[in-house]
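> A structural model of the following input is requested.
(2 chains)
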Amino acid sequence: MSTIRVRSAASYWLAVPAAAWMLGVVVVPIVLLVWVSLWGGRAFSTASPLTIDNYIRFFSNQTYLKLVGTTLVHTATLMAVTGVLGYCIAYFLTMKVKSPLWRTVLFLAFIVPFWTSTLIRAIAWVPFLGVNGVINQTLMFVGATQSPIEAFLYSRTGITMAQVSLYTMMAAGPVVYMLNSIAPQLREAAMTLKAPPLTVFWRIVFPLTLPGVVIGQVLVFLNVMSDFATVATIGGNKHALLSNLVLLFYEGSQIRAASVVAVLLMVCMLIGVVVALRVVDIRRLGADR
Amino acid sequence: MTRWPRIGWKTRLSLTSWILGTVTVIFLTYQWLPIFTLGLLSFSGPTGGTTFPMNGTSFHWYQEVWRATVMNDFKPPLMRSTLLAAACSLTTIVLSVMAAQAMRGQFRGNSWFFYLMLLGIMAPGILVGFGFAIMMRILGVELSWDTTTFLVQVSWTLPFGFLTMLAVFNRFDTRVEEAALTLGASRLKTFRRITLPLVLPGVIGAGLFGFSLSYDEYARSMFTTGPDTTLPLAVMAQLDRQLTPEIYAIGTTTTLFSLIAVTLCTAGLWAMRRSTSLRRS
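Numbering: from 1, shown residues only, chains lettered A, B, ... in the order given. This next block holds a predicted model:
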């Protein structure tokens, strides 16, 4: 018995406003994008004939195809870096830090930047990366290089560096959650049976945290694929990824082309999420909700 | 013979601890250093550039923000962002409590509802914003920060509030509700007098989450805000025009505000949890 009767009409009606909001603002517009990407003609009109010309035009352009490849490689790089780094940090925080005070302090140190603006944090990388930036000044002071390296600001390296700092916590968070839910008896049992630590890790701990790893990777994947703001801030106008192309076309009033890229982005993301769901049953995570 | 391998394990274990600890500390530095540099550079002298040397220390760039011209006046965008975030936060609170309560009723199709909410988190801002802008254009609705941006941003803050409330209700002890109901209180009265006060910390948390998410949102606002921009948009526009320490001053100010808000709220929640747990024991 609780304040709401199971399967009552009331529970149904309570969910309606939120469901309607999400359907109207998220689902319908995204479906709409698919429709708009199929519009023929030139005018902005719902009576446009439907063709796949827009897609043919996009895929017959070598530059755009290369951009798709670049975006995927860039995203994969970030997933690998944040995945490894995030796992190390999560493991250290949950398994190695014993003092509750230190654990809280470290957790806060990681989480607090999450509450500040991603845009500002991306901008904060700008003074670091420029020709006269902090990194170059340090390198020259140490004597590693004679002349400043121009490879940081307005480059993929710089974008990657900033995004690693922005998204590693997304990869680490779910792992922390999964590590915390492992019963200590499991490890103790393995240890009692004389399994060496590395075997305990690979055979017991890692498989149990795999769902966390996958969810973290999905979060990083989705965020990096759609993060045009960091790319625009640090890459300047020299570098673009797929998501920047959406913006570029949109600002050029090429709604159809922008929709094509948006649909492409959506398809990439859907494939990524579906692949991840094959590995991990997300419902099992939601089971204890 | 039997003792040596054990010691070997121990040194190896402490070695991994040290390596992982070093990685963690290096990453923490890596994460925080830009933020601190931003703060430091915002105090550079009037002739200071966007990187070191600072050419003296001053409040010049903060004063510059304060007496800004029409072109780069950040006060109206700040005002709009704050109002918008407050509105999103309130809407999120109401809708997410309703939705989470509905989930407890296990209505038909509740798993679909759950996935719909997850979709709101998963769907990238650039797609939602762009799609919604197109929809508004088809419907012939004028874009504006207090209508279209509000609608879009709630679709971003609501799922987070919903998940927070689900977690809160999950840990909620339903026996207190049962007690009230057995004593003859109506369901509505029980909810208002027993359930709501007990989950209030979670509700506040959901609201704060919503405020912060809306306040910092860039991608969704970019497509759906009309001529009157919000703060992240104004910052980005200024960045496109000219990079000066002025942006650093704004960045430092908003970061500081976020930090203060988080600290206050954490402290409040902690105090509240302490008082309720004392009463319970």
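> Going by length in residues, pull out the top helix of the chain.
Here I'm looking at chain A. helix A:62-91 (DSSP state H).
> actually chain B
Secondary structure of chain B per DSSP H: the longest helix is helix B:3-41.
> Could you give the number of residues near residue B:186?
11 (other C-beta atoms under 10 Å in any protein chain shown). Any C-beta I mention is one placed from the backbone N, CA and C, and that applies to glycine too.
> Which pLDDT value goes with it?
Residue B:186 is assigned 85 on the pLDDT scale.
> What mean pLDDT does the helix or strand just after the longest helix of chain A get?
Per DSSP states H and E, the first helix or strand lying C-terminal to helix A:62-91 is helix A:100-111. Mean pLDDT, helix A:100-111: 83.
> Pick out the residue of the stretch 51-200 of chain B closest to chain A.
Proximity of the stretch 51-200 of chain B to chain A (C-beta to the nearest C-beta) peaks at residue B:105, 2.4 Å away.
> Let me know whether that residue touches residue A:8 as I believe.
Yes: contact criterion C-beta atoms under 8 Å: residue B:105 and residue A:8 qualify, at 5.7 Å.
> how about the closest residue to residue A:236 other than its chain neighbours, what does it touch?
Excluding its sequence neighbours, the residue lying closest to residue A:236 (C-beta to C-beta, 6 or more residues apart in numbering or on different chains) is residue A:154, at 4.3 Å. Residues near residue A:154 by C-beta atoms under 8 Å, 6 or more residues apart in numbering or on different chains: A:234, A:235, A:236, A:238, A:239.
> List buried residues within the residues you listed.
A:234, A:235, A:239 (16 or more other C-beta atoms under 10 Å in any protein chain shown).
> nearest to residue B:175, of the residues you listed?
Ranked by distance to residue B:175 (C-beta to C-beta), these are led by residue A:234 at 53.8 Å.
> end-to-end on stretch B:63-81?
Chord length of stretch B:63-81, first to last residue, is 21 Å (C-alpha to C-alpha, to the nearest Å).
> With distance to residue B:233 and pLDDT added, can I get the buried ones among the contacts of residue A:154 in CSV?
Below are those laid out as CSV (distance: C-beta to C-beta, whole Å; pLDDT from 0 to 100):
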residue, distance to residue B:233, pLDDT
A:234, 18, 83
A:235, 19, 79
A:239, 21, 76
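> Check these against chain B and report the nearest one.
residue A:234 (10.7 Å).
> quick one: what helix or strand has the closest one in it?
helix A:228-235.
> so how far is whichever helix or strand comes after that helix off the chain centroid?
Proceeding N to C from helix A:228-235, the next assigned helix or strand is helix A:242-251, under DSSP H and E. Centre-to-centre, helix A:242-251 and its host chain are 19 Å apart (C-alpha atoms, centre = their mean, to the nearest Å).
> In the stretch 101-250 of chain A, what residue comes closest to chain B?
For the stretch 101-250 of chain A, C-beta to the nearest C-beta, closest residue to chain B: residue A:226, 3.2 Å.
> quick one: pLDDT of that residue?
pLDDT recorded at residue A:226 is 87.
> ok, now the one 3 residues further on?
The predicted local confidence for residue A:229 comes out at a pLDDT of 86.
> For the helix holding residue A:234, which outside residues touch it?
Against helix A:228-235 from outside (C-beta under 8 Å, 6+ apart): A:118-119, A:122-123, A:125-126, A:129, A:153-156, A:158-159, A:162-163, A:166, A:239-241, A:243-244, A:246-247, B:126, B:218-219, B:236, B:239.
> what's the answer for stretch A:184-196, then?
The contact list for stretch A:184-196, computed with C-beta under 8 Å, 6+ apart, reads A:199, A:200, A:203, A:204, A:205, A:208, B:9.
> Tell me where the model's unsure across the stretch 151-289 of chain A.
Applying pLDDT under 70 to the stretch 151-289 of chain A picks out residues A:151-153, A:281-289.
> For it, what lies in contact range of chain B?
A:164-165, A:168, A:196-197, A:222-223, A:225-226, A:228-229, A:232-233, A:243, A:246-247, A:250, A:255, A:258-259, A:262, A:265-266, A:269, A:273, A:283, A:286, A:288-289 (C-beta under 8 Å from any C-beta of the partner chain).
> Buried by neighbour count, from the residues you listed: which ones?
A:164-165, A:168, A:197, A:222-223, A:225-226, A:228-229, A:232-233, A:243, A:246-247, A:250, A:255, A:258-259, A:262, A:265-266, A:269, A:273.
> element containing the nearest residue to residue B:239 once chain neighbours are set aside?
Leaving out its chain neighbours, the residue that sits closest to residue B:239 by C-beta to C-beta, 6+ apart is residue B:247, at 6.1 Å. Per DSSP H and E, residue B:247 falls inside helix B:245-280.
> quick check: mean pLDDT across that helix?
74.
> just stretch A:68-76 next, same as before
Rounded mean pLDDT across stretch A:68-76 is 91.
> Just the buried residues of that stretch, please?
Buried residues in stretch A:68-76 (16+ other C-beta under 10 Å): A:68, A:71, A:74, A:75.
> Same question for stretch B:224-244.
For stretch B:224-244, using 16+ other C-beta under 10 Å, the buried residues are B:224-225, B:229-236, B:238-239, B:243-244.
> secondary structure element for the nearest residue to residue A:77 once chain neighbours are set aside?
Distance criterion C-beta to C-beta, 6+ apart; nearest residue to residue A:77, sequence neighbours excluded, is residue A:160 at 6.4 Å. Element membership for residue A:160 (DSSP H and E) is helix A:156-180.
> quick one: that helix to helix A:100-111, angle?
Angle, helix A:156-180 to helix A:100-111, by axes from the mean of the first three to the mean of the last three C-alpha atoms, to 10 degrees: 140 degrees.
> Name the pair among the contacts of residue A:154 with the greatest separation in space.
Across the contacts of residue A:154 (C-beta to C-beta), the longest gap, 10.1 Å, separates A:234 and A:238.
> Looking at residue B:105 and residue A:8, which has the bigger crowd around it?
residue B:105 (21 against 15).
> Packing partners of the helix or strand harbouring residue B:113?
Using DSSP H and E, residue B:113 sits within helix B:110-122. In terms of contacts (3 or more C-beta pairs under 8 Å, 6 or more residues apart in numbering or on different chains; DSSP states H and E), helix B:110-122 is packed against helix A:9-22, helix B:75-104, helix B:148-170.
> Can you name the element that comes right after the shortest one?
Same thing as helix A:9-22. helix A:28-37.
> Can you list phi and psi of residue A:224 for me?
phi -70, psi -40 (degrees, to the nearest 10).
> what do you get for residue A:50?
phi -90, psi 130.
> what residues are up against it?
A:38, A:39, A:40.
> Next step: the contacts of stretch A:184-196 restricted to strands.
Among the contacts of stretch A:184-196, DSSP state E puts none in strands.
> Residue B:150 and residue B:83 touch, don't they?
No: using C-beta under 8 Å, residue B:150 is not in contact with residue B:83; the gap is 9.6 Å.
> buried sites along the helix or strand where residue B:177 lies?
Taking DSSP H and E as the definition, residue B:177 sits inside helix B:175-182. For helix B:175-182, a neighbour-count test (16+ other C-beta under 10 Å) marks B:177, B:180, B:181 as buried.
> just checking: which of those also lie near chain A?
Near chain A, by the rule C-beta under 8 Å from any C-beta, you find B:177, B:181 out of these.
> Of the buried residues of helix B:175-182, which is the nearest to residue B:194?
Nearest to residue B:194 among the buried residues of helix B:175-182, with distances taken as C-beta to C-beta, is residue B:180, at 4.9 Å.
> sorry, back to before: ok, then the element right after the helix holding residue B:113?
Immediately after helix B:110-122, counting by DSSP H and E, sits helix B:125-139.
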